[in-house]
Structures are given as C-alpha cells and as structure tokens.
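Colleague: Mind looking at a prediction? Sequence and model below.
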Amino acid sequence: MEQTDEPIHHPKQRLLRKILLIALTLTALAITVGATYVGTYRPAYRPAPELMIQRTAERVERGRYLVENVTGCMQCHTDRDWTLYGGPAKRSSWLGGGESLTPEQGFPGTLRLPNLTSDDETGLGRWSDGEILRALREGVDRNGRALFPMMPYHVYRHLSDQDATAIVAYLRTVAPIENPQPATDVAFPVSFFIKTIPEPLDAPVERLDPADSERHGELLANVAGCEFCHTPRNERMEPLPGMAFAGGRELEGAFGNVRSANLTPHATGLGGRSRDEFIGIFKAFAGDGGSAIDVEPQNNTPMPWSDFAQMTEDDLGAIYDYLQTVAPVENSVDSLRPSVDSRLTPVDRLIEARASNVDPVIGSQ
C-alpha cells in the first residue's frame, strides 16, 4: 500500500474544526457589531427648543443671581484666584472657561471646562437660546453629543423653566472672551457610558412655591452642589448609602487637601446651630468677606464663601430648613486643617479665619 505524508482527518476532528471556525466567525461578527454599536451610539435627545428668550432686566438679574451665587457655574467656568480665601472668580476670565482637567488629575482623559461667553469662535456665540437651554438641563451639546456629567445637568433639569431661561438670558449679556481650549477627549469605556445618561425633558418644569421652605431648600442644596461635595462617594462617584450630607469626602486640588463638613443635624454636624447662626456664617463673608483674606494656595478651601454669601437670607434659610430634615449621621470629620473655637460668633469666626486661614464652620469645607 502506498504511504503518504497527508494527515488523516477523522470525522470528529473535522467537526471540531468546523465548530471552532463557526465560533471564531461569530465572535468576530459580535465584536464588529458591538464596536459599531458603541461607536455610533447616540445619546437620547430631542430637537432644541425654537425660542428667542427676551432679555428683560428682571430676567437677566435673576439669571445673574443664579449663575453667580447659586448654581456654582463660576466655580468651573471661570479661573479662580487661589491666593485669596475661597478662590473667588477672576473678573478677567469671567465665564470664559476654566482650566482643563487631565489624566494627571485622575480624570479619564482630557476634559475642558467650556467658555460660556458669547464669543463666536470659542464660546456660545453661535449657539441658539434653545441649544443652550437644552445643554443646561438635558446634557447634550448643540450637535447632540453627550456632556460629561461633571456638568450637573441631571440636577439642573429640576430648575424651573423660568429660572433656566433666566440663566440663558444672563449668559447672553456676558462680555465675550476669546479662549481657545483643547477638545474634550474621554477614554473608553467612560466615553460610552456618558452617552447613556442624558434624558430629554418631556414636560414643563414649574417653579416651586418658595413658601414650601423644605422643598425649596432641597432644590437649592442640590443645585448649589452641597450634596455633591458633602456626601462621601465611592470610586465610581456613587453616593455612599446612608451618608447623605454627612461630610468626610476628601477633596484635593489647587486649594490643597481638605475634607467636607458634616451638614446633617447630628451633634457632629450642624446640630446645635440655629437658623440665624447658619445664615450668619455665610453672611460674614458678604462684601469683601473671604475674598479679602490672603492665603497660601495649598491652605485654601474649595468652598466659594464669597459667592454663596450673596445668596438671599430666604434661600440660605431654606437650605438650613431642608438640612434639618435629613437623617442625622454621626460623623466627626477631621478637616485636615486646624479648627477654630466653635463657640465664637460668625463675625468672630471670620476674624479668626483671617488670622488662621481656616473655614469658620469646623475648620475647613
């Protein structure tokens, strides 16, 4: 019988090879389909509202108050002066965009903090009022791309239509600043996940009754970022269960390294402080207030005292009323800074803060 070097393929081997080939083909197909899906996935969004917001004096002033003293826009979209206490916003870069965040700072890529002025090339000059309004509350830019959720549109969606349009009206009055910035470039898989977050508004948002102090205060405490900074979070930025407003979240930046205060009504938080005292702590920074205190940048605080000091007493009181309703949590926070005598009055705390460069609540915020 003639011999050959050709391998002998048994039926079972041929079957296994076919199965393996089919499996590899299906896997490659699944990867291709998955990559196409991920690459082409678009966030949920609706067409931008077609409207031209009238810039009445009353509406613009309401928008100015919200932007500068409540919503915290200045904290991200304006360079801050960390040589002064609380890092007040620099007038020279008013809403012209903040410094980009980078992987060196722990971000998944490069994140620009956009220019909100009316500059045509680098700001919002070519955006319609409806596109700005949609971005503010629904989380997509004028081209339907998802905004990075550090922009708290999921919170701002609860702003009433009146307040949201007031913010747009005010932004239209801000002097244009030309400020070219690097493009946002978020790494995968975060770049995909952020596309799943935006959610279109499907109904008007009515203004809360200011007489309902607790509900009004809840909205303000979230819109002003109190919950974001004063609730500890895990590595995925999810709030820890049962720790709402309990403080202890470590914050690190140009201001140094601090931990946020406990704002719950427990004795280790706001317990024992009256409504008037709570308001007074903020109002101690009105006028020149904190912005007049020289401080070494690494010993500063991210708490924008001079901004929040301009909130109305009614709004500050509403925040206090709401915080009194949250679950008290025992959490004695080491602020990482020397503390001051808690028995001092708000004004005395401010004087002490000028001397020691610490926050007048529990040492640091």
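Modeller: Received it, and whenever you're ready, just let me know what you need.

Colleague: From one end of stretch 151-164 to the other, what's the distance?
Modeller: One end of stretch 151-164 to the other measures 15 Å (C-alpha to C-alpha, to the nearest Å).

Colleague: oh, I was asking about stretch 103-112
Modeller: End-to-end span of stretch 103-112 (C-alpha to C-alpha): 12 Å.

Colleague: Contacts for that stretch next, please.
Modeller: Outside of stretch 103-112, the residues within contact range by C-beta atoms under 8 Å, 6 or more residues apart in numbering are 97, 100-102, 148, 150, 181-187, 190-191. C-beta coordinates here come from the backbone N, C-alpha and C atoms, glycine included.

Colleague: filter those to the buried ones?
Modeller: Buried residues within the contacts of stretch 103-112, counting neighbours by 16 or more other C-beta atoms under 10 Å: 97, 100-101, 148, 181, 184, 186, 191.

Colleague: Just give me the closest of the residues you listed to residue 216.
Modeller: Set against residue 216, the nearest of these by C-beta to C-beta is residue 148 (28.6 Å).

Colleague: ok, for the closest one, nearest residue in space, not its chain neighbours?
Modeller: Distance criterion C-beta to C-beta, 6 or more residues apart in numbering; nearest residue to residue 148, sequence neighbours excluded, is residue 111 at 5.5 Å.

Colleague: so how far is residue 258 from the one you found?
Modeller: Relative to residue 258, residue 111 is positioned 22 Å away (C-beta to C-beta, to the nearest Å).

Colleague: With residue 63 instead?
Modeller: Using C-beta to C-beta, one obtains 31 Å as the distance from residue 63 to residue 258.

Colleague: Also residue 239?
Modeller: 19 Å.

Colleague: What of residue 306?
Modeller: Residue 306 sits 17 Å away from residue 258, taking C-beta to C-beta as the criterion.

Colleague: Pull the number of nearby residues for residue 138.
Modeller: As a burial measure, residue 138 scores 22 neighbours (other C-beta atoms under 10 Å).

Colleague: repeat for residue 84
Modeller: Neighbour count of residue 84, defined by other C-beta under 10 Å: 18.

Colleague: which residues does it bridge with?
Modeller: Per DSSP bridges, the residues bridged to residue 84 are residue 294.

Colleague: Surely it and residue 296 touch.
Modeller: No. Contact criterion C-beta atoms under 8 Å: residue 84 and residue 296 do not qualify, at 10.9 Å.

Colleague: give me phi/psi at residue 252?
Modeller: For residue 252, the backbone dihedrals are phi -130, psi 140 (criterion: degrees, to the nearest 10).

Colleague: One more: residue 319?
Modeller: Residue torsions, per degrees, to the nearest 10, at residue 319 are phi -60, psi -40.

Colleague: and what of residue 91?
Modeller: phi -60, psi -30.
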